[in-house]
Structures are given as structure tokens and as C-alpha cells.
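1. Below are the sequence and a predicted model for it; my questions follow.
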Amino acid sequence: MSFRGAETSNTPGTAGDATRVVAAQPGVMRSPFGVGFFAVRGTSFENTGLLVEGFPVPVLYHFAAGPSVLPTRLISSLDFYPGGYPAQFGRYSGGIVSVEVAAPEVDRRTIDAEVSIFGASAAVTAPLAGNRGTVSVGVRRSYYDLLLPIVFPSVTLNFGDAQAVVDWKLSDRTRAQLIVMGSTDVYDRSDQRRAAGASTLNRDGIQVHFFRVIAKIEHRYTGGFALSFSGMVGADDIRFASADTGRPDTNIRYGGATVGERASIRVPLGAQWSLGAGIDTLATLFRSSVTFPELLGASITPTPQANRYATYAEADVTQWDVTPWAEISGRAGILDASVGGRASYLHSGGKNYWLFDPRAVFRLALDRRTTLVLSSGLFNQPAPFFALVPLLGNGALGPQTSWQSSVGVESRLDEGYDLRATFFATRLWNLPRPTNQLIEERDGRVSRILLTDNGEGFASGVELYVRRRLARGVFGWLSATWSRAERWLPGGAPYPFSLDQAFVLNAAASWEINSRWRIGARFSLSTGTPTNRVYDATFDTDASTFRPNYSAEGERLPLFHQLDLRLDYRFRSLGADMNFYVDVLNAYFARGTEGWNFQHDYRAQQPLQGLPLLPVVGLKAQWR
């Protein structure tokens with residue numbers, strides 16, 4: 001699925017952010033609290049790749065339902081693959097969100113500015129000498145940290161990002177591009193309480209900082225022959241912190257350098273066929289450090305019992321792969337075909353792996369408007385970095401594998417409508433899962449691991465997608481997904497996956513009434529995710545806390561539903577083109593339940609509420 005122009009910037013519920021359109025597509029499970037991670041077709045959040053120019057980034061969105069780390073003005077194309085993606089992409093066993101970046105084409109210097117409840121941004125775009133290209137520089141900063149302390153004095157929250165993009169036409173056939181982007185997010189909550197002359201301090205926080213430098217050059221020859229090369233260098237710094245009176249602080253930090261290159265060639269093979277091939281390389285060199293309360297037996301001693309002993313560990317987490325790929329695509333009569341694969345040499349956790357990812361997509365034209373689409377393939381993913389961090393995971397985790405298959409029908413209807421119905425099935429192996437094992441090391445020491453990689457799973461479902469292409473100022477879509485996702489241990493019985501949602505519905509529409517006014521709405525509905533049913537609790541005298549007892553039969557969170565509305569008004573003032581917008585999330589204040597908060601002895605529970613009614617008011621201005 002590809003999105004361009006107004007479809008990415010005027011969709012209700014996105015606050016004008018292009019990449020949030022993905023959340024309303026078929027096969028995408030609803031994310032709690034509107035966070036910017038996507039669980040696709042029964043896989044987990046970390047199985048969906050977030051790519052900028054083919055290179056991974058840790059996040060696409062800022063904290064607290066904030067905007068994308070890339071402003072919409074720089075996004076030239078947004079492609080979402082729920083499965084069966086091309087051979088040029090890899091390293092993920094779920095879906096792919098691919099963002100292509102370009103500086104806006106202008107013939108004179110242009111200044112863009114925006115203010116909203118989230119923050120403010122400014123950007124300058126200008127043509128290069130001789131109109132051979134464009135350069136664009138922008139910066140954005142939230143002011144949560146100025147306003148939140150008025151209402152929540154114990155909370156610190158802020159984000160910021162900056163970008164510089166240069167597009168340069170070296171010749172009519174050669175194009176070069178340089179992208180520099182960085183993002184920072186900080187959340188910290190400190191809760192100090194006083195009672196009976198005593199003071200306690202509880203604190204938790206998370207920080208995500210990263211930057212990327214991407215250079216790219218493309219050359220097209222006569223006859224359809226094309227070459228492309230891009231390189232990336234970057235750094236990530238991710239931190240988690242937690243503190244409770246009477247126990248050691250928990251601090252987790254991992255980060256370091258990441259580098260990659262992508263080289264590809266496109267060779268025509270006659271009039272109807274072409275060969276694409278390339279080498280895709282990525283290396284990540286991270287340093288992780290963890291301070292954690294000492295593990296006692298099978299549990300961690302919680303507050304108020306003071307375990308004054310902390311475990312500290314540092315480790316280098318290195319992961320790299322070299323991956324050649326090839327894909328032949330073309331048409332033979334009424335059949336379009338794309339057949340290819342990847343062959344990866346992966347180094348992860350001190351071990352080496354050969355991974356092969358064959359895949360194929362066939363499109364059979366049934367008539368002038370209707371096409372039968374079949375796809376199948378293997379997709380391997382290296383262990384995610386947070387699962388390799390010592391004390392919290394297992395540095396020896398191997399890659400996980402999925403076999404994705406789908407069959408569907410696409411039809412272009414009258415009046416600018418597209419219809420697609422798809423059945424998908426995904427088999428999963430080598431999934432990381434929690435454990436609490438004691439293992440003997442080579443030197444005879446006994447250590448504990450909290451993750452292992454022998455989990456298995458299966459997901460299947462039906463997706464329905466009706467899309468109104470942008471015409472006469474109107475666009476929209478309806479997507480519905482019926483699915484089931486399960487997990488199991490070797491030899492064990494299947495159980496519902498923790499992110500399983502049996503039914504997800506999204507309907508969105510936007511209407512440009514005239515040259516000034518545009519209105520839109522989006523409605524979302526989904527069944528709840530599985531959760532354990534607590535029927536009683538037992539007091540653990542060793543840990544001095546209550547342990548919940550779960551019934552054999554689980555339950556699901558309540559049905560979720562939400563309506564988002566958007567209004568845009570365009571006008572001209574102060575020599576600039578203005579766009580005033582109001583994007584109201586959860587317009588009728590539905591009390592969505594994202595989980596349960598329990599009393600200390602589990603005798604009472606209250607729903608953990610989702611996002612409240614959130615009006616996003618903003619003003620965009622452009623001077624030319």
C-alpha cells in the first residue's frame with residue numbers, strides 16, 4: 001500500500017503526520033495509548049521494520065502521542081507492506097514501513113512554520129544554483145516541559161528533532177542526496193510522598209536519542225539500466241530508569257554506532273522483464289550496561305523489603321550481516337511475477353548464521369479490472385537488541401523465522417474505488433519467550449537466563465479493504481481485519497498471543513468542501529487483547545508481597561472504539577499561506593481500557609484508561 005500527498009497529511013486522527021496513516025490499514029493491530037509501533041498480522045511490535053531510505057530507525061514517533069520524527073513535508077512516499085515485501089528489504093519477520101525522503105521542489109526560498117499544542121517547528125527550503133536541486137533545513141521542539149509542570153509537577157517530558165536534506169541533480173540522469181536527521185525524547189516521573197514522618201521516592205524514566213546521516217546516489221542509463229548506492233552512519237542512545245525506596249535503582253542503557261550500505265542494480269531483460277540485484281549490509285556495535293536488583297531464587301525482592309544488593313553488568317552487543325539479494329520481475333501474458341530471495345551471513349551474539357529468504361509474488365489478471373494475487377516466502381529476523389541485553393535477556397538468542405503466505409483479490413471499481421480482500425497465514429519459529437532457567441556455563445559457573453528462543457506461533461485471518469482514491473477533493477477507506485494469533489511452547493497447547501485482536505475496523509474519510517475548508521472523520525473499533533483473570537492472591541512471606549492466582553480461563557479487555565475528527569481552514573495572511581487545523585482525538589471521550597490496576601492484595605481492580613479526549617490545535621504557515 002502506497003500513500004501520497006493529501007492522503008498522508010489530511011487523515012483525521014493523525015495530527016497531520018503522514019506515517020500515522022499506517023495504523024488504520026488492514027492487518028495492523030491497534031496499539032495501546034496510540035504509541036507509534038505496529039503489530040502486523042499476528043506478529044509483535046519488534047517484528048515490523050521502520051525504515052528511512054531502507055535503513056532502520058529505532059522509533060518513528062515522539063512520546064505521548066507526539067508527531068513523527070520526520071515532518072510530512074520531507075516524506076516523498078510512504079509504503080506499507082503487511083507481508084510478502086520485496087527482496088530488497090529484510091531483517092524483519094513481520095511487516096515493513098518504508099519512508100522515502102526528498103526535499104520539497106521549490107523555485108524560490110520558502111519558509112515553513114507550525115505551532116500546535118505539541119510544540120513548534122520551522123524550516124527553510126531553497127533551490128540550489130541553476131535550479132539543479134533543493135536544500136531544506138528544519139527543526140522542531142516541544143514545549144511539554146514548560147506546560148506539564150503546571151498540572152503535573154512531578155513529570156518531565158520533551159522531544160525535539162532536526163533534519164537537513166539536500167537533493168542535487170548532478171545531470172539529467174544522475175541524482176545525489178544527503179540526509180541528516182536526529183531525534184530526542186525524554187520522559188521522567190518522580191513521585192515523592194511523605195507519611196508518618198517518612199519520605200519515599202518513586203521514579204521512572206525513559207530516553208531515546210538517535211541520529212542518522214544517509215548519502216545516496218542514483219544513475220539511470222538508456223534502456224532502463226539503473227545503479228543506486230547509499231550509505232548510512234548513525235548512533236543510538238536508549239535509557240530506562242526506575243527507582244523505589246528500599247531497593248537499588250534499576251538502570252538500563254544501551255547504544256552505540258550503526259552503519260550500513262545498500263547497493264543495487266536494475267537490468268532490463270527484454271521488453272517485459274527485469275532483474276534487480278544488490279548487496280545490503282548493516283552493522284550495529286552497541287555497549288549495554290545494566291544495574292538491577294539482585295535476583296533471589298526465582299523472584300526479585302520488591303518494595304518494601306530492602307534488597308540492598310544490586311547486580312551490575314556491562315557487555316558489548318555486536319550484530320552484523322552481509323546480504324546479497326536478487327529478484328526477477330516481469331509479465332508473461334496475463335501473469336505478473338516477482339521471484340527472488342536474500343542470502344544473509346549473520347553474526348549475532350558471538351555466533352554465525354547462514355539465512356536464506358526465498359519469496360515470490362504472482363499477480364494473475366482475471367479480467368480488465370480484477371487481479372488474483374498470491375504470495376509466499378520465508379523471512380528471518382536477527383534477535384532484537386533489547387532481548388540481548390545482559391540480566392534482562394539472553395545474549396545467545398538466535399534469529400527468528402516466519403513463513404508468510406497470502407491469497408487475495410484486487411479490483412478497481414467505478415467512481416474511483418479500489419477493493420481488496422486477502423486471506424493470510426503466518427507460521428512463526430524461534431520466538432523469544434520469557435523463562436527463568438539456570439544454566440551451567442563452560443567454566444562451570446551457574447547463571448540465570450530470562451529469555452529463550454524456542455517459542456512458536458501461528459496467525460491467520462481475512463482482510464477487507466475498500467479505498468476511495470483522491471478525486472474531486474474526496475478520499476477515504478474502510479479496512480476490516482478478522483484474525484487469530486496463537487503462541488505455544490514445544491509440545492504444548494496453543495494459547496492466544498498477548499497482542500491478538502479478533503476484529504479490527506477502521507473507517508476514514510476526508511472532504512475538501514472548497515478551496516478553504518476541509519473536514520474529515522475516522523472511526524476505529526477493535527476487540528480487546530487477552531489478559532489473565534485474577535481470582536485470588538497468596539501472600540509470599542519470603543518476598544513480603546502478594547502473588548496473584550490466575551484462573552485457567554483467561555479473559556479479554558473490553559471492546560475499544562474511538563472517533564477522531566479533523567477540520568482544516570486555509571487562508572492567506574501576513575504574506576503567507578496559512579492552514580489552521582483542529583484534530584480531535586477520541587471526540588466523544590470513549591473510556592478505553594488498556595489494562596488493569598490492582599490493589600496491593602488483588603481484591604480490587606480499576607481500569608487503566610487510555611488516551612482522553614485530546615484536541616490538537618495548530619497553525620501552519622508558508623512564506624514564498
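-> Arrived safely.
2. check contacts around the closest residue to residue 44 other than its chain neighbours.
-> Using CB to CB, 6 or more residues apart in numbering and skipping the chain neighbours, the partner closest in space to residue 44 is residue 499 (6.5 Å). C-beta here means a position set from N, CA and C on the backbone, and glycine is covered the same way. Contact analysis of residue 499 by CB atoms under 8 Å, 6 or more residues apart in numbering lists 29, 39, 42, 44, 45, 485, 529.
3. how close does residue 499 sit to residue 76?
-> Going from residue 499 to residue 76 by CB to CB, to the nearest Å gives 31 Å.
4. ditto for residue 338
-> 23 Å.
5. for residue 225, same thing?
-> Residue 225 is 23 Å from residue 76, by CB to CB.
6. Could you do residue 368 as well?
-> Residue 368 is 31 Å from residue 76, by CB to CB.
7. These two: which is more packed in?
-> Higher neighbour count among residue 368 and residue 76: residue 76, with 14 against 7, using other CB atoms under 10 Å.
8. helix/strand/coil for the more buried one?
-> strand (DSSP: H, G, I helix; E, B strand; the rest coil).
9. Spit out the contact partners of it.
-> 100, 101, 102.
10. mind putting those in JSON lines, pLDDT and secondary structure included?
-> Output for the contacts of residue 76, formatted as JSON lines (pLDDT from 0 to 100; DSSP: H, G, I helix; E, B strand; the rest coil):
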{"residue": "100", "pLDDT": "91", "secondary structure": "strand"}
{"residue": "101", "pLDDT": "92", "secondary structure": "strand"}
{"residue": "102", "pLDDT": "90", "secondary structure": "coil"}
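11. which among those gets closest to residue 258?
-> residue 101 (17.6 Å; CB to CB).
12. what's the spacing between that closest one and residue 53?
-> Taking CB to CB, one finds residue 101 at 6 Å from residue 53.
13. Give me the common contacts of those two.
-> In contact with both residue 101 and residue 53: residue 179, using CB under 8 Å, 6+ apart.
14. Spatially central residue in the chain, please.
-> Nearest to the centroid of the C-alpha atoms of the chain, with distances taken as CA atoms, centre = their mean, sits residue 37, at 3.5 Å.
15. which residues touch the longest helix anywhere in the chain?
-> If you go by DSSP state H, the chain has its longest helix at helix 144-151. Helix 144-151 is contacted from outside by 64, 118, 119, 155, 156, 157, 158, 159, using CB under 8 Å, 6+ apart.
16. Let's see that with 6 Å instead.
-> 155, 156, 157, 158 (CB atoms under 6 Å, 6 or more residues apart in numbering).
17. residue contacts, residue 618?
-> Applying CB under 6 Å, 6+ apart, the residues near residue 618 are 116, 581.
18. In the stretch 251-400 of the chain, where is pLDDT below threshold?
-> 292-310, 390-391 (pLDDT under 70).
19. Can you show me the helices along it?
-> With DSSP state H, counting those that start in this stretch, there are no helices along the stretch 251-400 of the chain.
20. residue boundaries of the strands in it?
-> 273-293, 295-296, 299-300, 310-332, 335-348, 351-365, 370-381, 400-412 (DSSP state E, counting those that start in this stretch).
21. other SSEs contacting the fifth one?
-> Contacts of strand 335-348 with other secondary structure elements, assessed using 3 or more CB pairs under 6 Å, 6 or more residues apart in numbering; DSSP states H and E, are made with strand 310-332, strand 351-365.
22. What is the neighbour count of the residue nearest to residue 375 when sequence neighbours are not counted?
-> Spatially, and ignoring its direct neighbours in sequence, residue 375 is nearest to residue 84 (3.5 Å; CB to CB, 6+ apart). Residue neighbour count, defined by other CB under 10 Å, stands at 21 for residue 84.
23. what's around the nearest residue to residue 59 once chain neighbours are set aside, how many residues?
-> Excluding its sequence neighbours, the residue lying closest to residue 59 (CB to CB, 6+ apart) is residue 208, at 5.8 Å. Burial measure for residue 208: 21 neighbouring residues, criterion other CB under 10 Å.
24. what does residue 453 give?
-> Neighbours of residue 453 (other CB under 10 Å): 18.
25. residues touching it, list them.
-> Counting by CB under 6 Å, 6+ apart, residue 453 has contacts 397, 398, 430, 432.
26. What's the first helix or strand after the helix or strand where it lies?
-> Here residue 453, judged by DSSP states H and E, is contained in strand 446-471. For strand 446-471, the following helix or strand on the C-terminal side (DSSP H and E) is strand 474-488.
27. starting at the chain centroid, how far to that following strand?
-> Centroid separation for strand 474-488 versus its chain: 17 Å, with CA atoms, centre = their mean, to the nearest Å.
28. do stretch 358-367 as well
-> Remark: stretch 358-367 is offset 28 Å from the chain centroid, using CA atoms, centre = their mean.
29. returning to what we had before: I'd like the helices and strands packed on strand 335-348 as CSV, with distance to residue 57 appended.
-> Below are the helices and strands packed on strand 335-348 laid out as CSV (distance: least, CB to CB, whole Å):
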stretch, distance to residue 57
strand 310-332, 16
strand 351-365, 22
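30. Turn the ones you listed into JSON lines, including distance to residue 21 and mean neighbour count.
-> As requested, the helices and strands packed on strand 335-348 are arranged in JSON lines below (distance: least, CB to CB, whole Å; neighbours: other CB atoms under 10 Å):
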{"stretch": "strand 310-332", "distance to residue 21": "26", "mean neighbour count": "16"}
{"stretch": "strand 351-365", "distance to residue 21": "23", "mean neighbour count": "15"}
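31. quick check, nearest of the contacts of residue 76 to residue 254?
-> Using CB to CB, these come closest to residue 254 at residue 101, 26.6 Å.
32. what's the distance between the closest one and residue 233?
-> From residue 101 to residue 233 the distance is 16 Å (CB to CB).
33. Same check on residue 554?
-> 46 Å.
34. The two - which one has more neighbours?
-> The residue with more neighbours, out of residue 554 and residue 233 and counting by other CB under 10 Å, is residue 233; that gives 15 against 12.
35. Now do the strand holding residue 453 and strand 400-412, the angle between them.
-> Here the directions of strand 446-471 and strand 400-412 differ by 10 degrees (axes from the mean of the first three to the mean of the last three CA atoms, to 10 degrees).
36. and strand 446-471 with strand 474-488, angle?
-> 160 degrees.
37. still on that earlier bit, thought residue 373 was touching the residue nearest to residue 375, still the case?
-> No. With contact defined as CB atoms under 6 Å, residue 84 does not reach residue 373; the gap is 8.9 Å.
38. who touches residue 548 in this structure?
-> 534, 537, 602.
39. need the residues you listed in JSON lines with neighbour count, can you?
-> As requested, those are exported to JSON lines (neighbours: other CB atoms under 10 Å):
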{"residue": "534", "neighbour count": "16"}
{"residue": "537", "neighbour count": "17"}
{"residue": "602", "neighbour count": "17"}
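40. Would you mind checking which of the residues you listed is nearest to residue 595?
-> Ranked by distance to residue 595 (CB to CB), the contacts of residue 548 are led by residue 534 at 12.2 Å.
41. Show me the beta-bridge partners of the closest residue to that closest one other than its chain neighbours.
-> Sequence neighbours aside, residue 548 is the residue nearest to residue 534 in space, at 4.6 Å (criterion: CB to CB, 6+ apart). When bridges are called by DSSP bridges, residue 548 pairs up with residue 537.
42. The host helix or strand of residue 427 relative to strand 400-412, how many degrees between them?
-> Element membership of residue 427, judged by DSSP H and E, is strand 417-440. With the same axes, to 10 degrees applied, the angle from strand 417-440 to strand 400-412 works out at 180 degrees.
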